[in-house]
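> output the structure for:
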Amino acid sequence: MVQVLRVTEAQLEAALQSLRAGELVAFPTETVYGLGADATNPAAVRTLFEVKGRPAHHPLIVHLAGIEQLREWAREVPQEALRLAERFWPGPLTLVLPRAAHVSDAVTGGQDTVALRVPSHPIARQLLAAFRGGIAAPSANRYGRLSPTRAEHVREEFGAAVSVVLDGGECQIGLESTIVAFQGRRARLLRPGAVTAAQVRQMVADLGVGADEASPRVPGSTSAHYAPTTPLIIVPAGQIDVRAEALSAGGRRVAVLAWRAPLAAHRSVTWINAGRRARQYGHDLYGNLRILDKCGCRWILVQDVPEGEAWRAVRDRLRRAAAANGAEGEAEVGKR
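Predicted structure coming up:
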């Protein structure tokens, strides 16, 4: 995997000028590429929502240069939240905390909480240190679609709509950050990611998993998200060959994402064997789905992945991607 560790002075200055002018800049993080705007500029943040097609009530993550900025953005920082930040920042963990008075409704989706993260990618850190402020940055893709893990994904998605794209190579992790929200004294893990629930529990005495009625809205929490344009159907692990054979029998083109090779050759089937290693599967997930999305197939069939903590983030993303197609595609597949 190629990782670009620094941008040139000219590239960095172009990005800084764009941010200060209220324009958007795409940049790499260790998770996925972000589409950034000055978090203190409500007009720039509104432009970010418009370019992405993102609902205005859906909050953003504010990216910071370091833990020392935490209290500039959060009016309360529980001791356990501070311990998490000290353990996992810079890194793939987002903390949701009561917002400071100056934080705009445009960033928080009108809520009294703000999502904060310190990324570890060298280019993100270089940009944030030079900017000396918060950068609101959701994933650099159209709302609800596959997150980008390479600079070319961003360019394909937005074209000239985003003038500055800092190329940091392929993202190291490939799935969005873990999100932990603090509601009073209790913490809840609201989105799984590379930082696992077991790791969080080492720092937090009382951790809930999944949203409850009091939980704030957080990025990626809608039931349908992270989806390719081709309908995606999750198939029980032992049925993937049978389903692929049945659906391709009439010459229809079908794509398959599996964690093993096919048992036999299938007509009109494009098959990717993503392997059985959870970390590598997650790293490659969005890239593999983008490849299959371009194949002109009727469906993307995904072999259901194993249970367990190591696969939790992958399972979360796949189920939201499948939900984006509704029940119609699943029913049609089930008939065949």
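> now do the SS call for residue 157.
helix (DSSP: H, G, I helix; E, B strand; the rest coil).
> relative to residue 18, how far out is the nearest residue to it once chain neighbours are set aside?
In this structure, residue 157 finds its nearest non-sequential neighbour in residue 141, 5.1 Å apart by Cβ to Cβ, 6 or more residues apart in numbering. C-beta: built from backbone N, CA, C; applies to glycine. To residue 18, residue 141 is 19 Å away according to Cβ to Cβ, to the nearest Å.
> over to residue 84?
Taking Cβ to Cβ as the measure, residue 84 falls 32 Å from residue 18.
> that older thread, residue 141 and residue 18: which has the busier surroundings?
Taking other Cβ atoms under 10 Å, residue 141 and residue 18 do not tie; residue 141 has more neighbours (23 against 19).
> what residues of stretch 68-81 count as buried?
69, 70, 73, 74, 77, 78, 80, 81 (16 or more other Cβ atoms under 10 Å).
> tabulate those residues (TSV), appending distance to residue 111, pLDDT and secondary structure.
Shown next, in TSV, are these (distance: Cβ to Cβ, whole Å; pLDDT from 0 to 100; DSSP: H, G, I helix; E, B strand; the rest coil):
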residue	distance to residue 111	pLDDT	secondary structure
69	20	97	helix
70	18	97	helix
73	14	98	helix
74	13	98	strand
77	17	96	coil
78	18	95	coil
80	21	96	helix
81	17	96	helix
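> between these, which sits nearest residue 266?
residue 81 (49.8 Å; Cβ to Cβ).
> hmm, back to that, Throw the buried residues of stretch 68-81 into a markdown table and include distance to residue 95, thanks.
Conversion of those to a markdown table gives the following (distance: Cβ to Cβ, whole Å):
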| residue | distance to residue 95 |
| --- | --- |
| 69 | 12 |
| 70 | 8 |
| 73 | 10 |
| 74 | 8 |
| 77 | 9 |
| 78 | 10 |
| 80 | 10 |
| 81 | 5 |
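> okay, among these, which ones form the most distant pair?
The distance between the two most remote of the buried residues of stretch 68-81 (Cβ to Cβ) is 19.0 Å, for 69 and 80.
> give the burial count for residue 217, as a bare number.
20.
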